[in-house]
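Undergrad: Sequence and predicted structure are below.
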Amino acid sequence: MNEHVSFDQDFIEKLKIITSEGVNNAASGFSGMVGRKIQFNNPVARLVPVLSIPEIVGRPDDDAVGIYLRFDGDLAGQILMIVPHNKALELADLLMDLPQGTTQHLGSLERSALGELGNLCGSFFLNSMAGKVNADFRPSPPAVMVDIVGAILEIVVVTTGGIGEHALLMQANFMDGSRCVEADFWVIPDMNSLEDLIKKYSVV
Amino acid sequence: MKETNVGLGEQAISRSPEEILVAYGLGSCVGVVMVDPVSRVSGLLHAVLPRVTDGMAHSESNPSKYVEGGIEDLIAALVKQGANKNRLIVRIIGGANMLMTSGMTRSFDIGTRNIEAARTTLNRLKMPITVEEVGGHTGRTVRVYVADNRVTVRVIGEKEHEI
């Protein structure tokens, strides 16, 4: 990791609380947008080796949709939502209020709808975190990638890989009871700006 | 057949006919494949960044993370396993621009710079590139079939094709 940033157990615990509450807020936004109860599990905050990031989701050669945002402000970083390709088709149906099985291809309209979902979940997470740490964040417009899982996750690696050997990963998994919805949700603060956050704010 | 995953910042060398070297989902990263058809030694590098000066981690001891040092290291490892440098068939794959949204150009820079770093390094080492499948906006999975020196690429929605 960046040798200038150090994490004690107390800070990690605070990050876990921020992650859990942020994911809860994002799930609320997700639920409202698709009109059904979205649950989440395993919200965690942990340091991971940057080069091992493509192995975290598994199935690196599977087709998927990645919805990617950057955020700037008092803290900078990345948000990535990864949805298996077949689940993204179902999600597009849900978002556009179409009968299940209607969407067979992700065109510009479907990608736009998925992008808005990522935008909303990311913004809800950031709003929660902003309230917690008294900070201001500005998310970028979402970018939607329909590609191989490994290539989507590489974005995170390339963006963080030149800075240090580890990254802070705040993550959770969204799903609903029928498993129609299935998505990995990641927030990866830039390590350099995290150092600023530690210095500037009394977190939580 | 046994698939060996060559992860980010890794290289693999093989002369086992049962082995397939594979790098899943090369986005802006670059894969460099070198094959000696006579000694039947194959190598695959999965490099992340152009060269060590592009990051802060100067003290890192992993040359395979970088295109420039990774290529030199790959050649040395192949020669050590019996390959002849002058016989090596070189292919480069990857270097895509995964993010087309305005304001997110950093990834584009790195993909393009990775390609340029591979070309520059190979040119300096006087090693011609036989095949390039680089650039664009999609990820690629590359497989090296050690048994018959075949190299294939797969992009989303398509079957793997030989290059």
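TA: Okay, I see it.
Undergrad: Give the residue spans of chain A that score low on pLDDT.
TA: A:1-7, A:161-164, A:179-180, A:195-204 (pLDDT under 70).
Undergrad: show me where it has strands.
TA: A:39-49, A:63-73, A:77-84, A:137-139, A:143-148, A:166-175, A:182-189 (DSSP state E).
Undergrad: Make TSV out of those and add mean neighbour count.
TA: All C-beta atoms are positioned from the backbone trio N, CA, C, and that covers glycine. Formatted as TSV, those follow (neighbours: other C-beta atoms under 10 Å in any protein chain shown):
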stretch	mean neighbour count
strand A:39-49	15
strand A:63-73	23
strand A:77-84	24
strand A:137-139	16
strand A:143-148	25
strand A:166-175	21
strand A:182-189	23
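Undergrad: As a markdown table, the ones you listed with distance to chain B would be great.
TA: Output for the strands of chain A, formatted as a markdown table (distance: least, C-beta to the nearest C-beta, whole Å):
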| stretch | distance to chain B |
| --- | --- |
| strand A:39-49 | 10 |
| strand A:63-73 | 5 |
| strand A:77-84 | 10 |
| strand A:137-139 | 11 |
| strand A:143-148 | 4 |
| strand A:166-175 | 11 |
| strand A:182-189 | 14 |
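Undergrad: neighbours around the nearest residue to A:Asp62 once chain neighbours are set aside, how many?
TA: Distances taken as C-beta to C-beta, 6 or more residues apart in numbering or on different chains place A:Val149 nearest to A:Asp62, at 5.1 Å, with adjacent residues excluded. Per other C-beta atoms under 10 Å in any protein chain shown, the neighbour tally for A:Val149 reads 26.
Undergrad: and if you look at B:Ile89?
TA: Applying other C-beta under 10 Å, I find that B:Ile89 has 17 neighbouring residues.
Undergrad: That one and B:Asn149 touch, don't they?
TA: Yes - contact criterion C-beta atoms under 8 Å: B:Ile89 and B:Asn149 qualify, at 7.5 Å.
Undergrad: Need the residues touching each of the two.
TA: Listed contacts common to B:Ile89 and B:Asn149 are B:Val35, B:Pro37; contacts here mean C-beta atoms under 8 Å, 6 or more residues apart in numbering or on different chains.
Undergrad: hang on, the earlier thing: closest to B:Ile93 out of the strands of chain A?
TA: Closest of those to B:Ile93 is strand A:143-148, at 12.9 Å (criterion: C-beta to C-beta).
Undergrad: Other residues contacting that closest one?
TA: With C-beta under 8 Å, 6+ apart as the criterion, strand A:143-148 contacts A:60-69, A:85, A:88, A:106, A:111-112, A:114-115, A:118, A:151-152, A:155, B:24-25, B:27, B:98-101, B:104, B:138-141, B:154-156.
Undergrad: Show me how to select, in ChimeraX, the buried members of those residues.
TA: In ChimeraX, this line selects whichever of these come out buried by 16 or more other C-beta atoms under 10 Å in any protein chain shown:
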select /A:60,61,62,63,64,65,66,67,68,69,85,88,106,111,112,114,115,118,151,152,155 /B:24,25,27,98,99,101,104,138,139,140,141,154,155,156
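Undergrad: Point out the ones among the contacts of strand A:143-148 that are inside helices.
TA: Secondary structure defined by DSSP state H assigns A:His85, A:Ala88, A:Arg111, A:Ser112, A:Leu114, A:Gly115, A:Gly118, A:Ala151, A:Ile152, A:Ile155 of the contacts of strand A:143-148 to helices.
Undergrad: Using CSV, write out the CA atom coordinates for the helix or strand of chain B with the lowest mean pLDDT.
TA: Counting by mean pLDDT, DSSP states H and E, chain B has its least confident helix or strand at helix B:106-124, which shows a mean of 87. Taking Å, rounded to 0.1, in the frame of the first residue of the first chain, the C-alpha atoms of helix B:106-124 are listed here in CSV:
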residue,chain,number,x,y,z
ARG,B,106,-6.8,8.3,-18.0
SER,B,107,-7.5,4.7,-19.0
PHE,B,108,-7.3,5.6,-22.7
ASP,B,109,-3.9,7.1,-22.1
ILE,B,110,-2.6,4.0,-20.4
GLY,B,111,-3.9,1.6,-23.1
THR,B,112,-2.3,3.6,-25.8
ARG,B,113,0.9,4.1,-23.8
ASN,B,114,1.1,0.4,-23.1
ILE,B,115,0.9,-0.3,-26.9
GLU,B,116,3.6,2.3,-27.6
ALA,B,117,5.8,1.0,-24.8
ALA,B,118,5.6,-2.6,-26.2
ARG,B,119,6.4,-1.4,-29.8
THR,B,120,9.3,0.8,-28.6
THR,B,121,10.8,-1.9,-26.4
LEU,B,122,10.5,-4.6,-29.0
ASN,B,123,12.0,-2.2,-31.6
ARG,B,124,14.9,-1.5,-29.3
